[in-house]
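Q: predicted coordinates and the sequence they were generated for:
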Amino acid sequence: MTEIERLCAIESIRASKARYVYGADNKDWEIFGSAFTVDAVWDLSGFPIARLPGSDEWNSEGSSFDLDFLQQVSDMGGWPHVGRSKIMSGASEATREVVSSFHALFNPEVSFTSDVTADVVWPFEEKIYFSENSPVRYMNGCGYYLEIYQREGSQWLIKQAKIKPMLVTIS
C-alpha cells in the first residue's frame, strides 16, 4: 500500500465511522447501516459498564445503578448482532427509549493488517437522554470502539465492532 493509498483508506474509514454516529444520533438506520459490511458483527455487550484499566473491574463511579442492573440492561441488547440488516434492526430497537444522543469521536489509531483489512481504535464520548418511561434517564460514556474494517471496492467498512467503556455516568 502506497502512502497515498494509506491516507485515502484512513479517510474512507473516518467517513464510515462518521456515517455510523450520524445515523445513530439521527435514527437514520440506512445511513447507520451503510457503515457496515453485509456480514458485520456488532457487539456492544457491556456498554453501560465501565471497567478500570488493567484490572477490568467494574468502575462504579458515576453510576446510580448496581452492577446486576447494568448487566441486565446490557443483556437486553441481545449481543452480538450479525449482518447489516440485523445490526440496523437491533440499533433501532435498542434506541426505542432514546430521546436524543450525540457521539463525539476523537482521532483514531489505524493499524493496517493487510491491503484490505485494518484494526481501528476510536476514542469516543457519548451523551444519551432517555424517555421518562425508561428507568435510565441519562448516560454519558467515554471509552473506545475496537473495530476491524474491511475494504469493499473503494470503501472501508466496519467488519467487526466491540466497545470498551472506561467511564460511564448513568442515572
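A: Happy to help now that I have it. Since we're looking at a predicted model, the values are computed, not measured.

Q: which residues does Y149 bridge with?
A: A118, I158 (DSSP bridges).

Q: list the buried ones in stretch 94-103?
A: Neighbour counts over stretch 94-103 (16 or more other CB atoms under 10 Å) mark A94, T95, V98, S101, H103 as buried. C-beta coordinates here come from the backbone N, C-alpha and C atoms, glycine included.

Q: go on, stretch 29-40?
A: So, applying 16+ other CB under 10 Å, buried residues of stretch 29-40: W29, I31, F32, G33, S34, A35, F36, T37, A40.

Q: for the fifth one, which residues are in contact?
A: Under the criterion of CB atoms under 8 Å, 6 or more residues apart in numbering, the neighbours of S34 are S16, R19, G23.

Q: go with 7 Å
A: Listed by CB atoms under 7 Å, 6 or more residues apart in numbering, the contact partners of S34 are R19.

Q: and whichever helix in the chain runs longest, how far from the chain's centre?
A: Counting residues, the longest helix found in the chain (DSSP state H) is helix 3-26. For helix 3-26, the distance from its own C-alpha centre to the chain's C-alpha centre is 14 Å (CA atoms, centre = their mean, to the nearest Å).

Q: same deal with stretch 53-64?
A: For stretch 53-64, the distance to the chain centre is 19 Å (CA atoms, centre = their mean).

Q: just for the protein, where's the confidence low?
A: For the chain, no stretch has pLDDT under 70.

Q: please enumerate the strands of it.
A: In the chain, the strands defined using DSSP state E lie at 36-43, 81-82, 98-105, 109-112, 117-130, 138-152, 155-170.

Q: which one of those lies closest to A9?
A: strand 155-170 (5.7 Å; CB to CB).

Q: list the contacts of the closest one.
A: Under CB under 7 Å, 6+ apart, the answer for strand 155-170 is 9, 12-13, 16, 20, 35-37, 40-44, 46-51, 59, 62-65, 118, 136, 139-150.

Q: and if you look at stretch 16-29?
A: Residues contacting stretch 16-29 (CB under 7 Å, 6+ apart): 31-32, 34-35, 88, 91-92, 95, 101-103, 105, 122, 155-158.

Q: now do the phi/psi pair for D115.
A: phi -70, psi -10 (degrees, to the nearest 10).

Q: could you find the closest non-adjacent residue to it?
A: M1 (5.4 Å; CB to CB, 6 or more residues apart in numbering).

Q: can I assume that neighbour is in contact with T117?
A: No - using CB atoms under 7 Å, M1 is not in contact with T117; the gap is 11.2 Å.
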